[in-house]
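# Got a predicted model here, sequence first, then my questions.
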Amino acid sequence: MTMTTTPAVEADQLVKIYRGGVRAVDGISFSVEHGEAFGLLGPNGAGKSTTIGMLTTTVKPTSGRATLGGIDVASNPTATRAVSSVVFQDTVVDRPLTGRQNLMLHLRLWGVEPTAGRTRYEQLSDAVGITDLLDRSVATYSGGERRRLEIVRALLSAPQVLFLDEPTVGLDTRVRHDLFDAITTIRERTGVTIIMTTHYLDEAERLCDRLAIIDAGRIVACDSPRNLLASVGAEVLDLRVANPNKAIAVLRGRGIAKQDIAVTGFTVTASLRDVSAQQISQALNEFSVTVQSATTRRPSLDDVYLRLTGARITAGTDN
Amino acid sequence: MTATTATATPTILAAPTISRPTNVVPALALRRLALTIRSPRAVAIPVLAPVLFALIVAPALGNTLGTPGQHRTYMTFVALAAAGLLIPVNCMFSGLGVLTDRQQGAMRELLVAPIRRSSIVLGNLLAALVITTLQVTVLIFAAALRGAHFHSGRHLLWFAAAAVALAVFVYGLAETFATKITNAEEYTGLVPPIAIVPFFFAGTLYPITSLPAWLDGIAKVLPLTHAVALFRYGLTPQGTQALHNIWGMSDPTRMALLSLAVVVAYAAITLTVAIRLFTKSGTN
């Protein structure tokens, strides 16, 4: 048996500086194995979509190199596009046409043998539950149905790599969960490598084998969701206080949770990895910092992001 | 009580055979046509004004300006020139499809397809040519039914070649502007200066020799003037006069070749620019 050693996707020091000097991506490197689901997690403007744009040949890197299935993205863009497909952040379909017409066009543009292509779109449509919609104009589809159609379309050519750029943005919670199930089913049935951008933390945690957390165009952490969460500890404490700066100063002055403490608004969040909630409350009491409420909870990826960047992903998004 | 859970193993889908995409331009043209025919107004509106020209304005001008013997000749003169209005108007409106694709349609999907990006422009152009051909055919038949006198024969090819070259020229402009402009209103504002204003200086309603000398010089560099002269050479019995007004020569074939070369050169330039700009715009 021959083992494939070339990663499905490899990015090496990718940089993108837009006109006007905006440095959207600032030296991103990562490698994704075949069949892996890899997430790029960060708030709006972090550089996720620009990174996807460079990998899908719609954004030209200022410097750095990227390959898909071993093919250089910059020097061989057409071959790169042949082994990948994209589900965009916005709906990108011909709405006046039927679902079937949209799928047939994709088959022809990607050079899929027609009979096998039809079989495949019937199987995929069935897997995500849109078979009955295919002969209707896409203009009559709901947002979730359009997304499903786009996912089916993206998989028609059996791409090595499927890019999902914020696939559930703008959808209501129920539709998001349905779509999420559809993506999981598709992944099981095709074994496709997935690169997904999202700022929905639950999606990233559930779907991705590994996550790269992006802040201001740089990867600040890259690991499995479990390991990233473990880096914060088993529990975190949210303290609502009147003077968060004083609270922070007190805790840091006492050497408590030095690296694992952050503020958002009037809430101080501290990891309970090396300290107990009682010790923290005691320290604040000693310095007359009034605690209005204190809650312990399991950490989320947002806490990981907060710890790494000092900001919350959710602060700049609609999540 | 013992609960048992059956877990179905998902069937792995077989990957289809993939080959290098072929016939991409026709596929893209069919897509564009499918989108266009779902909006019948987009097909009907560009043909409306030229058909009115051929059926109402041309006979009326013929009656007003021509002597009884010349009436039919002038009507034919104007009716045929209406193609010089129809083709630019329709091709400019076709450019709106590019804007719509970019804003609401599948343009981004096309940009990540494993095809040359020039194919997208050529597919749109092919669709515009098909629609324009249908519209021009309607126009010519309508004018003939109204009394215009056309002749057919081997010269018809000059008409067809000039019509195609003119359509490519204007579509090249349309695609170029549609790539650069993001606002449909701004784009629509370009239609009159590009598609309608030249109509009045290109020997359509009157020979270019009737224009002031300085305007006559401008008329001679307009591709529309050459195309209209070729339309007349191709479809009317007295068709060499318009070519003679431009070139001042006596050999009609030579003049026709020169005029066709002018229109083709314009078409080649605008199409090349359109493809380059579109290709460039597909990658930020």
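Structure received. Numbering: from 1, shown residues only, chains lettered A, B, ... in the order given.

# Now the one residue in the stretch 101-250 of chain B that gets nearest to chain A: phi and psi?
Nearest to chain A in the stretch 101-250 of chain B, going by C-beta to the nearest C-beta, is residue B:114, at a distance of 3.6 Å. Heads up, the C-betas are built off the backbone N, CA and C, glycines and all. Backbone geometry at residue B:114, expressed as degrees, to the nearest 10, gives phi -80, psi 60.

# That one: how many residues sit nearby?
Counted with other C-beta atoms under 10 Å in any protein chain shown, residues neighbouring residue B:114 total 21.

# dump the residue contacts of the nearest residue to residue B:129 once chain neighbours are set aside.
In space, and not counting its chain neighbours, residue B:129 is closest to residue B:167: 5.6 Å by C-beta to C-beta, 6 or more residues apart in numbering or on different chains. Taking C-beta atoms under 8 Å, 6 or more residues apart in numbering or on different chains, we find residue B:167 in contact with B:87, B:90, B:91, B:128, B:129, B:132.

# If we use 10 Å, what do you get?
B:86-88, B:90-91, B:94, B:125, B:128-129, B:131-133, B:136, B:227, B:263, B:267 (C-beta atoms under 10 Å, 6 or more residues apart in numbering or on different chains).

# pretty sure residue A:280 contacts residue A:291?
Yes - between residue A:280 and residue A:291 there is a contact under C-beta atoms under 10 Å: 9.0 Å.

# between those two, what contacts are shared?
Common neighbours of residue A:280 and residue A:291 are listed as A:239, A:247, A:268 (criterion: C-beta under 10 Å, 6+ apart).

# Most neighbours out of the residues you listed, which is it?
residue A:268 (28 neighbours).

# For the host helix or strand of that residue, which strands pair with it and how are they oriented?
Here residue A:268, judged by DSSP states H and E, is contained in strand A:267-271. The pairing partners recorded for strand A:267-271 under DSSP bridges are strand A:236-241 (antiparallel), strand A:261-264 (antiparallel).

# Return the longest one as PDB; C-alpha atoms alone will do.
The one in question is strand A:236-241. Extracted C-alpha coordinates of strand A:236-241, given in PDB (Å, rounded to 0.1, in the frame of the first residue of the first chain):
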ATOM      1  CA  VAL A 236     -13.200  29.200  35.000                       C
ATOM      2  CA  LEU A 237     -14.700  31.800  37.400                       C
ATOM      3  CA  ASP A 238     -16.600  34.800  36.100                       C
ATOM      4  CA  LEU A 239     -16.700  37.600  38.600                       C
ATOM      5  CA  ARG A 240     -18.900  40.600  38.100                       C
ATOM      6  CA  VAL A 241     -17.300  43.500  39.900                       C
END
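
# What is the subsequent helix or strand relative to it?
helix A:244-253.

# buried residues in stretch B:224-237?
B:224-236 (16 or more other C-beta atoms under 10 Å in any protein chain shown).

# Revised request: answer the last question for stretch B:135-149.
B:135, B:136, B:139, B:140, B:142, B:143, B:148.

# Give me the pLDDT for residue B:102.
With respect to pLDDT, residue B:102 scores 84.

# Just the element for it, please.
helix B:83-104.

# hmm, that helix touching chain A?
Yes - under the criterion of C-beta under 10 Å from any C-beta of the partner chain, chain A is reached by helix B:83-104 at B:100, B:101, B:103, B:104.

# which residues does the closest residue in space to the second one that isn't next to it in sequence contact?
Right, the one you point to is residue B:101. Of all residues not flanking residue B:101 in the chain, residue B:107 sits nearest, at 4.0 Å (C-beta to C-beta, 6+ apart). By C-beta under 10 Å, 6+ apart, residue B:107 lies in contact with A:92, A:94, B:98, B:99, B:100, B:101, B:120, B:281, B:282.

# Any of the residues of helix B:83-104 next to chain A buried? List them.
For the residues of helix B:83-104 next to chain A, buried by 16+ other C-beta under 10 Å: B:100, B:101.

# Residue B:170: neighbour count?
That count, for residue B:170 with other C-beta under 10 Å as the rule, works out to 29.

# From residue A:227, how far out is the closest residue to it other than its chain neighbours?
Setting aside the residues directly before and after it, residue B:170 is nearest to residue B:91 in space (C-beta to C-beta, 6+ apart), at 3.9 Å. To residue A:227, residue B:91 is 59 Å away according to C-beta to C-beta, to the nearest Å.

# What segments of the stretch 51-200 of chain A are helices?
A:77-82, A:99-109, A:114-128, A:143-155, A:173-190 (DSSP state H, counting those that start in this stretch).

# got it, and the stretch 151-284 of chain B?
Going by DSSP H, counting those that start in this stretch, the stretch 151-284 of chain B shows helices at B:156-180, B:184-188, B:191, B:213-221, B:223-235, B:240-247, B:252-281.

# out of those helices, nearest to residue A:189?
helix B:252-281 (36.0 Å; C-beta to C-beta).

# just checking, what packs against that closest one?
Using 3 or more C-beta pairs under 10 Å, 6 or more residues apart in numbering or on different chains; DSSP states H and E, the elements in contact with helix B:252-281 are helix B:83-104, helix B:107-111, helix B:117-146, helix B:156-180, helix B:213-221, helix B:223-235, helix B:240-247.
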